[in-house]
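>>> sequence-free structure coming up:
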């Protein structure tokens, strides 16, 4: 079916945030999306069982690169179809965007707060008693969480961001 494989160029560019919120109507929809920066340069192409959740995760992980997006929803989930569309969009664009190459982990994995450790935090964790390590990692995660929330708010988002509290003890920020 030709209509089940839209070209990237045929889809309408959507603003990432409208009055501080993600566009409505995407929650619970299976689909594929392309995310663009402020200059409308492609940053990432991905898909999700819930487009709204996927877009929220990317906004939290890469707020400065999430200004515009195009999307296409499918009635029946099919990883094969979504992979085919993603590959076609990447081919159509002509170059692989950073989120699908060297920056892929930043776009697709929970935030590892340990990457943002200061020298003092690194020393404190290295010299801590084993029983104190989780507490120090949680403090680190909270500091990074505050930075992440500030960046998302600076983008104009007014969405609730809640991270899994259990994973903070490991220094990981994953949306709940």
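Arrived safely, thanks for sending. Only a predicted model underlies this, so the values are computations on that prediction, with no experimental measurement involved.
>>> Just the pLDDT for the closest residue to residue 144 other than its chain neighbours.
Leaving out its chain neighbours, the residue that sits closest to residue 144 by Cβ to Cβ, 6 or more residues apart in numbering is residue 113, at 4.0 Å. The way it works is simple: take the backbone N, C-alpha and C, and place the C-beta from them, glycine included. Residue 113 is assigned a pLDDT of 97 by the prediction.
>>> Tell me how many other residues crowd residue 113.
A count of neighbours around residue 113, defined by other Cβ atoms under 10 Å, yields 26.
>>> Next one: it relative to residue 92, how far apart?
Using Cβ to Cβ, to the nearest Å, residue 113 is found at 36 Å from residue 92.
>>> just residue 101 next, same as before
In this structure, residue 101 and residue 92 are 16 Å apart, going by Cβ to Cβ.
>>> circling back to that earlier point, hang on, isn't the residue nearest to residue 144 packed against residue 172?
Yes - using Cβ atoms under 8 Å, residue 113 and residue 172 qualify as a contacting pair, with a distance of 6.8 Å.
>>> shared neighbours, the two?
In the contact map built from Cβ atoms under 8 Å, 6 or more residues apart in numbering, the residues linked to both residue 113 and residue 172 are residue 141.
>>> just the strands in the chain please.
Taking DSSP state E as the criterion, the chain carries its strands at 14-15, 31-36, 42-48, 68-73, 111-112, 172-173.
>>> For the lengthiest helix in the chain, list every residue counted as buried.
If each helix of the chain is counted by residues according to DSSP state H, the longest one is helix 130-154. Of the residues in helix 130-154, those with enough neighbours to count as buried (16 or more other Cβ atoms under 10 Å) are 133, 136, 137, 138, 139, 140, 141, 144, 145, 148, 152.
>>> So residue 72 is in contact with residue 11, correct?
Yes - the pair residue 72 and residue 11 qualifies as a contact (Cβ under 8 Å) at a distance of 6.3 Å.
>>> Much appreciated, bye for now.
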